[in-house]
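Student: what's the 3D shape of this:
(one chain, ligands or ions: 1)
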Amino acid sequence: MQCSTCNGNLQLREGQGSKGFAVHLQLSCIDCGEITNEVNTSTTTGRAYDVNRSMVASCLSAGMGHSGMQKLSDGLGLPGLHHKSYNTHVDAIFEKSSEVMEVILALSREKVLEFYR
Ligand SMILES: [Zn+2]
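Tutor: So this is what the prediction gives:
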């Protein structure tokens, strides 16, 4: 592929928007620097990258805290997450889990009441 501005060669490089396990990729011209295309490797929900949220949720399911996730990331050659980011994801997951728990409890109460009527 060639640059549409100067016909120079294009390169794929990591942009400045990478965060944790989400990578920001840019296709840019080696000669003039024009960015032809860019994409994130993860979707977002609110301001959080879904891949990072999923990684923290998976680590919690496996009984790993931030330290365990960081060791796994180091072993795989991945950047991991800052402990403050990790904790922000934990708080969001806890909040969402609590909302789901309230819905399940309300449905369960309804079913039990229905049974004894
Ligand atoms: Zn160019």
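
Student: could you name the helices and strands sitting against the longest helix belonging to the chain?
Tutor: What stands out as the longest helix in the chain, according to DSSP state H, is helix 83-116. Secondary-structure packing of helix 83-116 (3 or more Cβ pairs under 8 Å, 6 or more residues apart in numbering; DSSP states H and E): strand 48-49, helix 50-61, helix 66-76. In this view, the C-beta of every residue, glycine as well, is placed from N, C-alpha and C.

Student: so what strands line up beside the shortest one?
Tutor: Sheet pairing here is set by DSSP bridges, and for strand 48-49 it gives strand 44-45 (antiparallel).

Student: contacts for the strand it pairs with?
Tutor: In this structure, residues lying in contact with strand 44-45 by Cβ atoms under 8 Å, 6 or more residues apart in numbering are 50, 53.

Student: tell me the mean pLDDT for that strand?
Tutor: The average pLDDT within strand 44-45 is 94.

Student: enumerate the residues of this protein near the ion.
Tutor: Applying Cβ under 5 Å from the ion, we find that the chain lies next to the ion at 3, 5, 6, 8, 29, 31, 32, 34.

Student: let's see if you can find the most crowded of the residues you listed.
Tutor: residue 29 (20 neighbours; other Cβ atoms under 10 Å).

Student: what's the nearest residue to that residue if we skip its chain neighbours?
Tutor: In space, and not counting its chain neighbours, residue 29 is closest to residue 3: 3.8 Å by Cβ to Cβ, 6 or more residues apart in numbering.

Student: contact partners for residue 83?
Tutor: residue 66.

Student: coming back round to it: so which of the helices and strands packed on helix 83-116 is the most packed in?
Tutor: strand 48-49 (a mean of 22; mean count of other Cβ atoms under 10 Å).
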